[in-house]
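Engineer: sequence below, structure please.
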Amino acid sequence: MAGHSQFKNIMHRKGRQDAVRSKLFSKLAREITVSAKMGLPDPNMNARLRAAILAARAENMPKDNIERAIKKASGADTENYEEIRYEGYGPGGVAVIVEALTDNRNRTAGEVRSYFTKSGGNLAETGAVSFMFDRVGLIEYAANKASEDAIMEAAIDAGADDVSSSEDGHEVVCAADALAEVQRALEAKFGEPSKARLVWKPQNTVAVDDETAEKLLRLIENLEDNDDVQNVTANFEMSEAILAKMSD
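Structural biologist: Numbering: from 1, shown residues only. Purely as a prediction, here's the structure:
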């Protein structure tokens with residue numbers, strides 16, 4: 001059940017410099033507002049809103065910003081955002097899933113398509129690559145919240161499918177429809193997790209060389225820079241040498 005986590009490779013997120021914090025907060029606020037509008041404004045009764053708030057807290061988003069985003073959902077002038085999933089192939093034939101919240105489908109589609117084209121990849125039809133991924137729940141805890149054995153035992157008892165522990169923290173993977181139940185069980189023992197959300201987990205990963213990795217990371221960063229894009233997932237795996245080079 002244990003093993004080295006692949007999520008750090010396949011769910012790439014670029015570093016959070018101060019220059020992009022405002023854009024990041026805007027995306028987090030948009031997800032909070034949409035989540036509150038789609039369900040109840042109470043995070044205890046709305047799993048998606050709870051996950052959005054956890055994500056915002058993990059990025060140190062001020063409490064006032066979070067509350068303002070929730071209240072905005074009940075306003076008459078709230079923008080109507082549409083959830084869209086784009087799928088395509090990046091450099092090296094790597095499968096990429098892009099999740100967006102947009103108020104202009106044509107604008108977002110055109111921009112996402114241009115990023116793929118400029119990277120040497122191509123945007124495909126919905127469903128073209130998602131069959132290579134599993135939709136699962138992912139719950140994250142800081143390393144100091146529990147020992148590897150404790151988190152493993154609790155996760156098994158809660159019905160989770162997989163656990164990965166490292167010095168960076170613990171990642172618990174479960175079936176998508178079991179996320180709320182597993183999260184509640186773990187919270188009873190270890191408190192609130194740092195993150196808990198639905199993600200796309202690749203069934204297999206593709207190893208890439210340095211040149212392809214750089215192109216892929218550039219594509220992902222361009223996608224994540226877009227105001228409408230919320231999440232980007234790809235099924236490639238970088239070598240330890242490339243990861244070390246990135247951290248220099």
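Engineer: just for this protein, where's the confidence low?
Structural biologist: Residues of the chain meeting the criterion pLDDT under 70: 1-20, 76-78, 239-248.
Engineer: just checking, next helix/strand downstream of the longest helix along it?
Structural biologist: Criterion DSSP state H: the longest helix present in the chain is helix 18-38. Past helix 18-38, heading to the C-terminal end, the next element that is a helix or strand (DSSP states H and E) is helix 47-58.
Engineer: taking helix 18-38 as reference, get the angle to that next one.
Structural biologist: Here helix 47-58 runs at 160 degrees with respect to helix 18-38, directions being taken by axes from the mean of the first three to the mean of the last three CA atoms, to 10 degrees.
Engineer: send the alpha carbons of the longest helix of the chain over as CSV?
Structural biologist: What follows is helix 18-38, C-alpha atoms only, in CSV (Å, rounded to 0.1, in the frame of the first residue of the first chain):
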residue,chain,number,x,y,z
ASP,A,18,4.8,36.9,-4.5
ALA,A,19,4.2,38.2,-8.0
VAL,A,20,1.6,35.5,-8.7
ARG,A,21,-0.1,35.4,-5.3
SER,A,22,-2.8,37.8,-6.3
LYS,A,23,-3.7,35.6,-9.3
LEU,A,24,-3.6,32.5,-7.2
PHE,A,25,-6.0,34.1,-4.6
SER,A,26,-8.3,35.0,-7.5
LYS,A,27,-8.5,31.4,-8.7
LEU,A,28,-9.0,30.1,-5.1
ALA,A,29,-11.8,32.7,-4.5
ARG,A,30,-13.4,31.7,-7.8
GLU,A,31,-13.5,28.0,-6.8
ILE,A,32,-14.9,28.9,-3.4
THR,A,33,-17.7,31.1,-4.9
VAL,A,34,-18.6,28.5,-7.5
SER,A,35,-18.6,25.7,-4.9
ALA,A,36,-20.8,27.8,-2.5
LYS,A,37,-23.2,28.6,-5.4
MET,A,38,-23.6,25.0,-6.5
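Engineer: check contacts around the residue nearest to Y141 when sequence neighbours are not counted.
Structural biologist: Excluding its sequence neighbours, the residue lying closest to Y141 (CB to CB, 6 or more residues apart in numbering) is H170, at 4.5 Å. C-beta here means a position set from N, CA and C on the backbone, and glycine is covered the same way. Applying CB atoms under 8 Å, 6 or more residues apart in numbering, one finds that H170 lies in contact with 140-143, 145-146, 148, 151, 163-164.
Engineer: which of those residues has the most neighbours?
Structural biologist: Within those, neighbour counts (other CB atoms under 10 Å) peak at I151, which reaches 26 neighbours.
Engineer: what about the closest residue to it other than its chain neighbours, which helix or strand?
Structural biologist: Counting by CB to CB, 6+ apart, H170 is the residue found nearest to I151 once chain neighbours are left out, at 4.6 Å. Using DSSP H and E, H170 falls within strand 169-175.
Engineer: can you list the strands that that strand pairs with?
Structural biologist: strand 133-141 (antiparallel), strand 162-166 (antiparallel) (DSSP bridges).
Engineer: check which residues of the helix or strand following that strand are buried.
Structural biologist: Proceeding N to C from strand 169-175, the next assigned helix or strand is helix 179-190, under DSSP H and E. Residues 179, 182-183, 185-186, 190 are the ones in helix 179-190 that count as buried (16 or more other CB atoms under 10 Å).
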